[in-house]
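> below are the sequence and a predicted model for it; my questions follow.
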Amino acid sequence: MMKEKAITVVTVLSVCCAVLLIIWLVFFCDLSGLKKSQTPEYMVKIFDKNQIIDINIFIDKEKWTEMLENATAQEYYTCNVSVNSKKYYNVGIRTKGNASLSMIRSSSQPQRYSFKLDFGEYVKDQTLFGLQKIALNNMIGDASYMKEYMSYEMFSALGVPVPGYAYASISVNGEPWGFYIANEDIDDTFVERYYDDLSKVNVYKPETMEMNGEDGQQPGGFGRNGSTGTNLVYTDDNLSSYSGIFDYTLFETTGDDDKMKVVEMMKSLSTLSDIEKHINTEEVLKYFAVNTFLVNLDSYAGSMKHNYYLLENNGLFEILPWDLHLSFGAFQMQQTSRVINFPIDAPVTDSMQNSPLISKLLEVDKYKTMYHSYLQKLIQEFIDSGKYYERIKQVSSMIDSYVKNDSMAFYTYEEYQSALENMIIYGKDRTLSIKAQLEGSQPSTEYGNIQSSLNLTALGTMGGGKNVGDRMMNTNQQSQGFFDTADASGTQLRQFQAPGEQNGAQSMPNQFGQPPADMQSMEPPDNQGQENMQPGNMPEPPEGFSSRQPPEFSEKRGFGPRPNQDQPGNFQFQNSTQASSTTAISSETALNSTPILPNGQNMRKNEINRNSPFRQADHTLEYAALGVSFAAIFIGLIAVFMFKRRKYSS
């Protein structure tokens, strides 16, 4: 009798303990590793494509002017930011861009740059609902305001991984600044959204320009044309032969063995052997199907061989889109007929020989058939279905008033309306051309002759617009840095060689006042309620901030030396009432110098720390405890069942 009672007591206690353990794990432990399929909070609260993000930047007006006047240095400055009324303190802000940045810098008009906000630049683990960085793109060269938005819509429609994106209304110290498109950075948070195991993923951002920032930008370094591996042409087994890829490695955990996988992939392409052991052919062909429809030549498909990410997932390589504001034939193309009749089976303006990621795949009938099927799928499900035109209408309705009131716009409201009409024409006529090429009634390896009423200029072109185009696209183009060239078929193209600083360039007028009192300090005010702070924000000054000093500086992002970098203790956060005493880095220095990093480290090496406690907690113990809990419950139930069975049988 006592034995039976003891078994019952032990069983009940085991089940109760297991239930309590499960409750503790679920409600008090971070089990994010078990929630790979859950949509990140920032994708819901920030990148809602049907809502406009409201971003207000609060920064000392002298620092703001200094940043704009020295935009090519791409240095971070400290600011406070309100995102949809939620306040964040000590956020890093800098200008971003390459050719577009130089064009704006050379313009006589107000300096509407693209920006990057880094919520963790000065405050460890501070994020925007889990997102550390957000890119704010000015949409230069896009009269429609929709090229990047619609391009990502189309890539997404075919299942190609894309960053989060949404429109953003930007203010500075409470005054309207401009209407932008905001993008998620390609980093570990992006990878975790799409891939199961971050530890098996390596990401590269091949760049054909010398680098002066984390985006791979130093204006003036154009023209390498894939000679350092960005074209993915195999030359030899030496990693040093592919510096255009490996100098721009995102994860610090990427080692030489990982890099050799890139070389093996290129070697496989060159010989067409074991392709599917090295390349996710389905994803790559889907990428090129969309890229070809868009005639997006500021990418791997153009002579620059940049603005794409090369991602390796457990040995298989994929290509990801980036920086799409010059899609819809806005880069290097001057003739409407060339854009509409862009050949689907030779979808590059560089030579096919110099573009093996698509040319070698198209040599294989199986892959060529797959590629054509993806073009057909895109047309049937996104264009012919009416989704393309309906989406343009929906987006226009959402952003129309913002565009009309965009006081620093590159284009007038009337030009925007004209651009939308031409975007619709583009969809119809480009579809007609691709269908004809697929059917064989138009050539698919050279330009055809389908006529179109598309006004390519009205859609917006590189350097176009009322603020930039009049200066950059006039009769003095050669002196401004433009030069003529031709693709393999003899088509005349226009490329941009970034100029040096222009003597006549005007600085941004000091038109903004100081931030309001509650956003002047780089620390949260004492009366700031916890309910107004997001996870990761600091309701109290973070450790090391008591003397209003930033965290110790490091060479982690390759932006060149910071002011007083050798003596970081002398750098003080500036109060809004304090004058700036920091010596600005000259534009000439920024254009002509490349920072040298210690020990040959990658310039993006430390951008992402996969082992940070915020992103990469070790859940081994939690997994083990959860497994033990379920096992205990299972064993307990079996014990009760067996005990009852024995009792009744006796």
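Ah, there it is.
> which residues touch the helix or strand residue 392 falls within?
Assigned by DSSP states H and E, residue 392 belongs to helix 387-404. Helix 387-404 is contacted by residues 50, 52, 145-146, 149-150, 153-154, 157, 167, 169, 179, 381-382, 409, 413, 416, 420, 423-424, 427 when judged by C-beta atoms under 8 Å, 6 or more residues apart in numbering. Yep, even glycine has a C-beta here, placed from its N, CA and C like the rest.
> are any of the residues you listed buried, and if so which?
52, 145-146, 149-150, 153-154, 157, 167, 169, 179, 382, 409, 416, 420, 423, 427 (16 or more other C-beta atoms under 10 Å).
> by contact count, what packs against the following helix or strand past the helix holding residue 392?
Tracing the chain past helix 387-404, the next element assigned as helix or strand by DSSP H and E is helix 413-439. Judged by 3 or more C-beta pairs under 8 Å, 6 or more residues apart in numbering; DSSP states H and E, the packing partners of helix 413-439 are helix 281-294, helix 336-340, helix 365-378, helix 387-404, helix 456-459.
> of the ones you listed, which stretch is the most buried?
Of all the helices and strands packed on helix 413-439, helix 281-294 carries the top mean neighbour count, a mean of 24, counting by mean count of other C-beta atoms under 10 Å.
> by contact count, what packs against that helix?
Helix 281-294 makes packing contacts with helix 147-157, strand 316-321, helix 356-362, helix 365-378, helix 413-439 when contacts are defined by 3+ C-beta pairs under 8 Å, 6+ apart.
> export the ones you listed to TSV and tack on distance to residue 93 and mean pLDDT?
Formatted as TSV, those follow (distance: least, C-beta to C-beta, whole Å; pLDDT from 0 to 100):
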stretch	distance to residue 93	mean pLDDT
helix 147-157	21	98
strand 316-321	25	98
helix 356-362	35	98
helix 365-378	37	98
helix 413-439	27	98
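> just put those in CSV and tack on distance to residue 127.
Supplementary listing: those in CSV, determined by distance: least, C-beta to C-beta, whole Å:
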stretch, distance to residue 127
helix 147-157, 22
strand 316-321, 22
helix 356-362, 34
helix 365-378, 35
helix 413-439, 34
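> with adjacent residues omitted, what lies nearest to residue 166?
The shortest distance from residue 166 to any residue that is not its chain neighbour, by C-beta to C-beta, 6 or more residues apart in numbering, is 4.8 Å, and that residue is residue 47.
> thinking again about what came up before, need the helices and strands packed on helix 413-439 in a markdown table (columns: distance to residue 133).
What follows is these, written out as a markdown table (distance: least, C-beta to C-beta, whole Å):
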| stretch | distance to residue 133 |
| --- | --- |
| helix 281-294 | 23 |
| helix 336-340 | 33 |
| helix 365-378 | 30 |
| helix 387-404 | 23 |
| helix 456-459 | 29 |
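> residue 195 is nearest to which of the ones you listed?
Put simply, out of those the one that sits nearest residue 195 is helix 281-294, at 11.6 Å, with distance taken as C-beta to C-beta.
> can you list contacts of that closest one?
By C-beta under 8 Å, 6+ apart, the surrounding residues in contact with helix 281-294 are 151, 154-155, 157-161, 275, 299-301, 317-321, 324, 327-329, 342, 344, 347, 357-358, 361, 367, 370-371, 374-375, 377-379, 430, 434.
> strands paired with the helix or strand that it is followed by, and their directions?
Reading on from helix 281-294 to the C-terminus, the next helix or strand found by DSSP H and E is strand 308-313. The strands beside strand 308-313 in its sheet (DSSP bridges) come out as strand 201-204 (antiparallel), strand 316-321 (antiparallel).
> helix or strand with the lowest mean pLDDT in the protein?
Among the helices and strands of the chain, helix 587-592 carries the lowest confidence by mean pLDDT, DSSP states H and E, at a mean of 29.
> so which strand or helix has residue 102?
Taking DSSP H and E as the definition, residue 102 sits inside helix 99-105.
> export that helix as PDB, just CAs?
Presented in PDB, the C-alpha positions along helix 99-105 are these (Å, rounded to 0.1, in the frame of the first residue of the first chain):
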ATOM      1  CA  ALA A  99      27.600  58.700 -57.200                       C
ATOM      2  CA  SER A 100      24.300  60.200 -56.000                       C
ATOM      3  CA  LEU A 101      26.000  61.700 -52.900                       C
ATOM      4  CA  SER A 102      28.700  63.300 -55.100                       C
ATOM      5  CA  MET A 103      26.000  64.700 -57.500                       C
ATOM      6  CA  ILE A 104      24.100  66.300 -54.700                       C
ATOM      7  CA  ARG A 105      27.300  67.600 -53.200                       C
END
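> what is the mean pLDDT for that helix?
Taken as a whole, helix 99-105 has an average pLDDT of 76.
> stretch 125-142 now?
Taken as a whole, stretch 125-142 carries a mean pLDDT of 95.
> ends of it, what's the gap?
Looking at stretch 125-142, the gap from its leading to its trailing residue is 35 Å under the measure C-alpha to C-alpha, to the nearest Å.
> point out where the stretch 201-350 of the chain drops to low pLDDT.
Judged by pLDDT under 70, the stretch 201-350 of the chain has its weakly predicted residues at 209-226.
> recalculate using a threshold of 90.
Judged against pLDDT under 90, the low-scoring parts of the stretch 201-350 of the chain cover residues 208-227, 332-334.
> right, and residue 407 touches residue 176 too?
Yes. A contact is recorded between residue 407 and residue 176 when judged using C-beta atoms under 8 Å, the distance being 6.3 Å.
> the more surrounded of those two?
residue 176 (15 against 11; other C-beta atoms under 10 Å).
> surely the more buried one meets residue 405?
Yes. Because the distance of 7.3 Å satisfies C-beta under 8 Å, residue 176 is recorded as touching residue 405.
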